[in-house]
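Colleague: Next comes the sequence, and after it the predicted model I'd like to discuss.
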Amino acid sequence: MSKIIYTHTDEAPLLATYSFLPIVSAYAAKAGVDVETRDISLAGRIIAQFPERLTEEQRQADALAELGELAHDPSANIIKLPNISASVPQLKAAIAELQALGYDLPDFPESVETEEQKDARERYGRVMGSAVNPVLRQGNSDRRAPASVKNYAKAHPHRMGAWSADSRTNVATMGHDDFFSNEKSVIVEADDTLRIEHVAADGTVTVLKESLPVLAGEVVDGTFLDAAALDAFLAESIERAKAEGVLFSVHLKATMMKVSDPIIFGHVVKAFFKPVFEKYGDDLAAAGLSPNDGLGGIFAGLEKLPNGAEIRAAFDAALADGPKMAMVNSDKGITNLHVPSDVIVDASMPAMIRIGGHMWGPDGEEADTLAVIPDSSYAGIYQTVIDDCRANGALDPATMGSVPNVGLMAQAAEEYGSHDKTFEIASDGTVRIVNSAGDVVMEHAVRAGDVWRACQTKDAPIRDWIKLAVTRARLSDTPAVFWLNSRRAHDANLITKLEQYLPEHDTEGLEIHVMDPAEATAFSLARIRQGLDTISVTGNVLRDYNTDLFPILEVGTSAKMLSIVPLMNGGGLFETGAGGSAPKHVQQLVEEDYLRWDSLGEFFALAASFEHLAVSEGNTRAQVLADTLDRATGTFLNEDRSPGRKLGTIDNRGSHFYLALYWAQELAGQSEDAELAATFKPLAEALAASEQKIVEELVAVQGKPADIGGYYRPDAAKATAVMRPSTTFNEALASL
């Protein structure tokens, strides 16, 4: 029997799974396809780290490790939903919820002084940040907007905010003394094991990472962010925002860049509230209240301090004295600096651009913004889009072209592989990478507080990435642009690789370019405005940025993208879109039993997964499921059955019903497999006949609180009851 592994993840995608997976399982079974689940949620990953502390009933296997092994198997067929890339505050909240449910888990240690704390910190480190993606992504990324989504966006363009020629919105970035400026890069000549060490001013050597295995042809980078220069830049940016009368906002990725970006975020908090930390910094530190965790964590802990009210008043005074702060939720007073994982650059910047270069101010109104992105590696792409919109006005979804992406991410390529090689420097000295022969591969002079990091990109993924780019350019007859900056050390080595491996492929008649990211952005925007498509061929972080930036502008969301990862050993990983808006959807469900999450990305991923089974295993019925699901999704879009915007309209559950209805009708009406058609005909008729009743049952539950039993670890029975409230629909599906 063919098999699909469906991942059990977090937040809104998880809740949607309780509604959608029964449909998937029922339909797939009729094609001889078994659908199994694996729990890679944040809670599940935490539980898997501490089996010796838990009861037999509480323990669960390390599903992520299992899927990591499966990703190397040619038979792999994995559908991966968005999951939480946990920041420290999210990790702490998940631990607290599990502890309240009776799980004997240790607290997250703020500092490491004992062996027990060291062990706990190491285990929790395995589930923080982008813990899932590097394990599963054993192939490079092919992500694009399906034709049906693009056509729907053109016929029903989403609202775009107007841009003014005198908009004061801009990006502020360091441009010197940052990761971009300080980067060094080498191509390793032979298999080796490297070591990262810090040599203090007095000659004391501290090994930061004992063993760093590398392969011949691998690209290894090292760089650092100068903390003093960062602080000076932040002070200038705060004053600039105040002088220009614009909102101040910072845009980082404290989830994926789980070591470096929370530290940078902490620097921003301290810079904005400099008088507070000068006067009360020792009190806050003694209480374990870190700026890295944001204002939310600090404010929550002030209640326990005898001078907590005094410190809170100082924060309020500094907030009033500084530039107006961009808000996450102005109604609740949640600022841009409350939680490091609230404002993630790849989602927040496109959203700002989409509404006319604005963010929300403390008065609840939109306003021009100074978007602070400290490292200059990719900040230029956003400034380029802002400049283009300021000069030419907002992009038009009804006419604009598309920017699909081929992304280098296999085998933990580039920055997302850097977490275990990122360090906050303890004292002045030198950080160096040394090979097994004792030779220094590269070194940087650093000072206390600097953030140093290394990352790796193996040769095989680079070759596969170049091959995939040429393949996509050929299949779509679309220009492909490699977003590589010859002035950046890492990119210069990738250009060397490109010049070496591109001649291995037939590129005759293809239009292939190499441009730095800002230049590539301008080139792509010019083509977009002419209704033309351009493939962006990028590294791992730019893959993440571009597959949010352009889809959010083109089709309104990145959740509607088709994301295929052809695994290097022959299997398939099918991703279902972004999860950046998942938290607010869960909050709405709990408050009023309405889930606005759109599962469209899952529909596309599922069709691609069935098609992969058909090709790899010769399962003709899987191909019928793929073809009929694709047509059903087209009907779903044409009939506008995505979740509505307000109570009284269908939400996520209603959208699943209509997908099931249209899919059953397509299966019943197809001529490729008469037996399958006969199987689905009664269901198609039953669902059509009961449409009004089912919709009424789904809508009737809205408007009151919903109990799902937990945020990070929902109760399965409660969540199922909430997400499957239509008895009529459930009975019809069961009859299949």
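Modeller: In hand now; what should we look at?
Colleague: Return the set of buried residues in the strand or helix carrying L494.
Modeller: Using DSSP states H and E, L494 sits within helix 489-501. Buried residues in helix 489-501, counted by 16 or more other C-beta atoms under 10 Å: A489, H490, D491, N493, L494, I495, K497, L498, Y501. Any C-beta I mention is one placed from the backbone N, CA and C, and that applies to glycine too.
Colleague: Show me which of those is closest to L319.
Modeller: The closest of the buried residues of helix 489-501 to L319 turns out to be H490 (C-beta to C-beta; 38.4 Å).
Colleague: surely that closest one meets N182?
Modeller: No: with contact taken as C-beta atoms under 8 Å, H490 and N182 are classed as non-touching, separated by 11.7 Å.
Colleague: one step back: the helix holding L494 packs against which elements?
Modeller: strand 184-187, strand 219-225, strand 451-457, helix 459-476, strand 480-483 (3 or more C-beta pairs under 8 Å, 6 or more residues apart in numbering; DSSP states H and E).
Colleague: Partner strands of the helix or strand just after that helix, with direction?
Modeller: The helix or strand immediately downstream of helix 489-501 is strand 512-515, counting by DSSP H and E. With DSSP bridges as the test, strand 512-515 is paired with strand 480-483 (parallel).
Colleague: what residues does the strand it pairs with touch?
Modeller: 406, 469-470, 472-473, 494-495, 498, 510-517, 520, 523-524, 534-539, 542, 546 (C-beta atoms under 8 Å, 6 or more residues apart in numbering).
Colleague: is it true that A165 touches R390?
Modeller: Yes: contact criterion C-beta under 8 Å: A165 and R390 qualify, at 6.1 Å.
Colleague: Quick check on the two: which one has the bigger neighbour count.
Modeller: Neighbour count, other C-beta atoms under 10 Å: between A165 and R390, R390 has more, with 17 against 9.
Colleague: residues of the host helix or strand of that one that come out buried?
Modeller: Using DSSP H and E, R390 sits within helix 379-392. In terms of neighbour count (16+ other C-beta under 10 Å), helix 379-392 has its buried residues at A379, G380, I381, Y382, Q383, T384, V385, I386, D387, D388, C389, R390.
Colleague: any idea which of those residues is closest to L659?
Modeller: Using C-beta to C-beta, V385 comes nearest to L659 of the buried residues of helix 379-392, at 33.6 Å.
Colleague: Who are the contact partners of M160?
Modeller: R354, I355, G356, A394, L395, D396, P397, L553.
Colleague: Does A706 belong to a helix, a strand or coil?
Modeller: State at A706, reduced to three classes by DSSP: H, G, I helix; E, B strand; the rest coil: coil.
Colleague: and it, how many neighbours does it have?
Modeller: 22.
Colleague: now it: how far from L698?
Modeller: 13 Å (C-beta to C-beta, to the nearest Å).
Colleague: now K718
Modeller: Taking C-beta to C-beta, one finds K718 at 17 Å from L698.
Colleague: okay, those two: which has more neighbours?
Modeller: L698 (23 against 15).
Colleague: is it fair to say that one lies in a strand?
Modeller: No: per three-state DSSP, L698 lies outside any strand segment and is helix.
Colleague: Could you shift the numbering so residue one becomes 46, and keep it that way?
Modeller: Done: numbering now begins at 46, and the last item shifts to L743.
Colleague: In this structure it contacts S700, no?
Modeller: No: counting by C-beta under 8 Å, L743 does not reach S700; the two are 9.8 Å apart.
Colleague: so after the helix holding R435, what's the next helix or strand?
Modeller: Under the assignment DSSP H and E, the closest C-terminal helix or strand after helix 424-437 is strand 450-452.
Colleague: Helix or strand next in line after that next one, which one?
Modeller: Immediately after strand 450-452, counting by DSSP H and E, sits strand 467-469.
Colleague: So which bits of that next one are buried?
Modeller: Buried residues in strand 467-469 (16+ other C-beta under 10 Å): T467, F468.
Colleague: residues in contact with that strand?
Modeller: With contacts defined as C-beta under 8 Å, 6+ apart, strand 467-469 is touched by 241, 243, 253, 302, 304-305, 308, 476, 494-499.
Colleague: now, among those residues, which is nearest to P154?
Modeller: P154 lies nearest to V304 out of those, by C-beta to C-beta, at 15.5 Å.
Colleague: Just to check, that closest one is in contact with R498?
Modeller: Yes: between V304 and R498 there is a contact under C-beta under 8 Å: 7.5 Å.
Colleague: what is in contact with those two at once?
Modeller: Taking C-beta under 8 Å, 6+ apart as the contact criterion, the common neighbours of V304 and R498 are S463, T467, F468.
Colleague: I'd like to know which of these is nearest to L670.
Modeller: S463 (39.9 Å).
Colleague: tell me the contacts of that closest one?
Modeller: Residues near S463 by C-beta under 8 Å, 6+ apart: M302, V304, S305, R498, A499, C500.
Colleague: Farthest-apart pair in these, please.
Modeller: In these, the most distant members under the criterion C-beta to C-beta are M302 and A499, with 13.5 Å between them.
Colleague: how far away is P368 from G601?
Modeller: Applying C-beta to C-beta, the value for P368 to G601 is 30 Å.
Colleague: domains for this protein, by residue range?
Modeller: What the record gives for the chain is the domain set 47-183+612-779, 225-270+471-499, from automatic domain parsing.
Colleague: Single out the most deeply packed of the ones you listed.
Modeller: Ranked by mean neighbour count, those are led by domain 47-183+612-779 with a mean of 19 (mean count of other C-beta atoms under 10 Å).
Colleague: C434 is in contact with I400, isn't it?
Modeller: No: counting by C-beta under 8 Å, C434 does not reach I400; the two are 11.0 Å apart.
Colleague: on that earlier part again, quick one, which of the contacts of strand 525-528 are buried?
Modeller: 451, 514-515, 517-518, 539-540, 543, 557, 559-562, 565, 568-569, 579-584, 587, 591.
Colleague: Phi and psi next, for L329.
Modeller: Main-chain dihedrals, L329, degrees, to the nearest 10: phi -70, psi -40.
Colleague: Need the contact partners of the helix or strand harbouring V582.
Modeller: Element membership for V582, per DSSP H and E: strand 580-583. Strand 580-583 is contacted from outside by 448-453, 510, 514, 517-518, 521, 523-528, 565, 569, 587, 591, 595, using C-beta under 8 Å, 6+ apart.
Colleague: One more pass at 6 Å, please.
Modeller: The set of residues external to strand 580-583 that reach it, using C-beta atoms under 6 Å, 6 or more residues apart in numbering, is 448-452, 514, 517-518, 523, 525, 527-528, 591.
Colleague: The stretch 96-245 of the chain: helices as residue ranges?
Modeller: Counting by DSSP state H, counting those that start in this stretch, one finds helices in the stretch 96-245 of the chain at the ranges 108-115, 133-145, 160-170, 178-181, 192-200, 224-227.
Colleague: nearest to S661, of these?
Modeller: Distance to S661, taken as C-beta to C-beta, is lowest for helix 108-115 among the helices of the stretch 96-245 of the chain, at 14.0 Å.
Colleague: ok now the closest one, how far from the chain's centre?
Modeller: 20 Å (C-alpha atoms, centre = their mean, to the nearest Å).
Colleague: which helices and strands does it pack with?
Modeller: For helix 108-115, the packing partners by 3 or more C-beta pairs under 6 Å, 6 or more residues apart in numbering; DSSP states H and E come out as strand 78-84, helix 178-181.
Colleague: between the helices and strands packed on helix 534-546, which one is nearest to F153?
Modeller: Minimum separation from F153 across these (C-beta to C-beta) falls at strand 496-502, 20.7 Å.
Colleague: got a list of what T380 touches?
Modeller: M370, M372.
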